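K.L.:
Need a 3D model of the sequence below.
(4 chains)
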Number of protein chains: 2
Amino acid sequence: MSTKPTDIDAYRLSEQAGFNLRRANQRHVAIFSRLVEGLTPTQFAALARLYEFGALSQNRLGRLTAMDSATIKGVVERLKAKDLVSSRADLSDQRLRLVELSDKGREVFERALGGALDARVETLSPLTEEEARAFEALLAKLV
Amino acid sequence: MSTKPTDIDAYRLSEQAGFNLRRANQRHVAIFSRLVEGLTPTQFAALARLYEFGALSQNRLGRLTAMDSATIKGVVERLKAKDLVSSRADLSDQRLRLVELSDKGREVFERALGGALDARVETLSPLTEEEARAFEALLAKLV
DNA sequence: CAACATCTGTTTGTATACGAGCAATCTCGG
DNA sequence: CCGAGATTGCTCGTATACAAACAGATGTTG
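P.N.:
Now for the predicted structure:
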């Protein structure tokens, strides 16, 4: 199963889906940061889930936002430092730490929502509307 | 420019292109890590550029691999620690540090290439071949 | 040629991202 | 009720990723 010279000739980094996925993600993060003040995309995602679902255990919040337990811990920590969420023990299961939006967190999320929607539009702006719909549909199949 | 309730009702994190771009990228990194032993996608990208272009200044290598100067520094550092690249001063421009593949680096790249190509295929495997082509074309327009 | 701007690489600080290993807790089968 | 297995959250170590500030080298321009 050795790599033939043909493979190497055919290899063009710029055409690799993985490389372009990474770049597209970088571009989206940059756009989001410009349009949404004071929240990273991941922090916003966490607020969005809490807004939608109410109080959630830290690990469950992580699963809903595609972050492992080590990552979500840091995100929750920083959201707590900004007083956007609070956490408390679950009385019926001592393992759980329930995380919940604060009033300020709810307000910040609602104010950030417009920018987040704009970020999506700007990220997809190199595409026509039809292409953007197709791209989002294919992307959804990938994840 | 306040956010109307309608916006909030319409907001579904899982349908956001940005969120799915992040997840798709995570998935690709996981697949790549499984199929390519001992190299991260970014490290592989750097080797690929050096393989294609020969010696490059550190910053230029960063631009060709979509990493800023702080990021590429760490990547080159780790590649040097593994003896896959070497770096030296450019005589005609004292600012530059030329980075170059070592023999071992060339060999490691060639051996990793097959796995990298497999990672692309597996990443796109939820799509039909036609969809995968369409997706890659749209993705290329986005970056 | 001297002032100025630009470019390169470095450092620091912050924020994901994940593997691995750990202790506390819960669940469930026997 | 008890012990095996699963789950939760934590910690550590490693690896991107980028903003900002910096020093040194190069270029450009009046």
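
K.L.:
List the contacts of A:A116.
P.N.:
A:32, A:35-36, A:44, B:11, B:16, B:18 (Cβ atoms under 8 Å, 6 or more residues apart in numbering or on different chains). C-beta coordinates here come from the backbone N, C-alpha and C atoms, glycine included.

K.L.:
Between these, which sits nearest DNA strand C?
P.N.:
A:F44 (8.6 Å; Cβ to the nearest atom of the strand).

K.L.:
Hmm, that closest one is touching A:E37, no?
P.N.:
No. Look at A:F44 against A:E37 with Cβ atoms under 8 Å: they stay out of range, at 11.1 Å.

K.L.:
Find the helix or strand that the residue nearest the centre of chain A is a member of.
P.N.:
Compute the mean C-alpha point of chain A, and by Cα atoms, centre = their mean the closest residue is A:T42, 4.1 Å away. According to DSSP states H and E, A:T42 maps onto helix A:41-53.

K.L.:
picking that back up, quick one: pLDDT of the nearest residue to the residue nearest to the centre of chain A once chain neighbours are set aside?
P.N.:
Once flanking residues are discounted, A:T42 sits nearest to A:V75: 5.7 Å by Cβ to Cβ, 6 or more residues apart in numbering or on different chains. If you check A:V75, the pLDDT there is 98.

K.L.:
so how many other residues sit close to A:V75?
P.N.:
A count of nearby residues for A:V75, using other Cβ atoms under 10 Å in any protein chain shown, gives 22.

K.L.:
separation between A:E52 and chain B?
P.N.:
Noted for A:E52: a distance of 7 Å to chain B, by Cβ to the nearest Cβ, to the nearest Å.

K.L.:
picking up where we left off before, quick one: which of the contacts of A:A116 is most hemmed in?
P.N.:
Result: A:F44 is most packed of these (other Cβ under 10 Å), 25 neighbours.

K.L.:
Return the residues in contact with that residue.
P.N.:
Contacts of A:F44 (Cβ under 8 Å, 6+ apart): A:32, A:36, A:109, A:112, A:116.

K.L.:
List the buried residues for stretch A:23-40?
P.N.:
A:23-29, A:31-32, A:35-36, A:39 (16 or more other Cβ atoms under 10 Å in any protein chain shown).

K.L.:
same deal with stretch A:123-141?
P.N.:
The neighbour-count check on stretch A:123-141 (16+ other Cβ under 10 Å) flags A:123-124, A:127, A:131-132, A:134-136, A:138-139 as buried.

K.L.:
Just name the closest of the residues you listed to B:A89, please.
P.N.:
A:T123 (40.1 Å; Cβ to Cβ).

K.L.:
picking that back up, can you redo the contacts of A:A116 as JSON lines with secondary structure and distance to DNA strand C?
P.N.:
Output for the contacts of A:A116, formatted as JSON lines (DSSP: H, G, I helix; E, B strand; the rest coil; distance: Cβ to the nearest atom of the strand, whole Å):
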{"residue": "A:F32", "secondary structure": "helix", "distance to DNA strand C": "11"}
{"residue": "A:L35", "secondary structure": "helix", "distance to DNA strand C": "16"}
{"residue": "A:V36", "secondary structure": "coil", "distance to DNA strand C": "12"}
{"residue": "A:F44", "secondary structure": "helix", "distance to DNA strand C": "9"}
{"residue": "B:Y11", "secondary structure": "coil", "distance to DNA strand C": "19"}
{"residue": "B:Q16", "secondary structure": "coil", "distance to DNA strand C": "13"}
{"residue": "B:G18", "secondary structure": "helix", "distance to DNA strand C": "10"}
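
K.L.:
pLDDT-wise, what's the bottom of these?
P.N.:
Scoring those by pLDDT puts B:Y11 last, at 65.

K.L.:
Find me the pLDDT at A:V143, would you?
P.N.:
What the model reports as pLDDT for A:V143 is 89.

K.L.:
when you scan stretch A:43-61, is anything in it near DNA strand D?
P.N.:
Yes. Residues of stretch A:43-61 contacting DNA strand D under Cβ under 7 Å from any atom of the strand: A:57-60.
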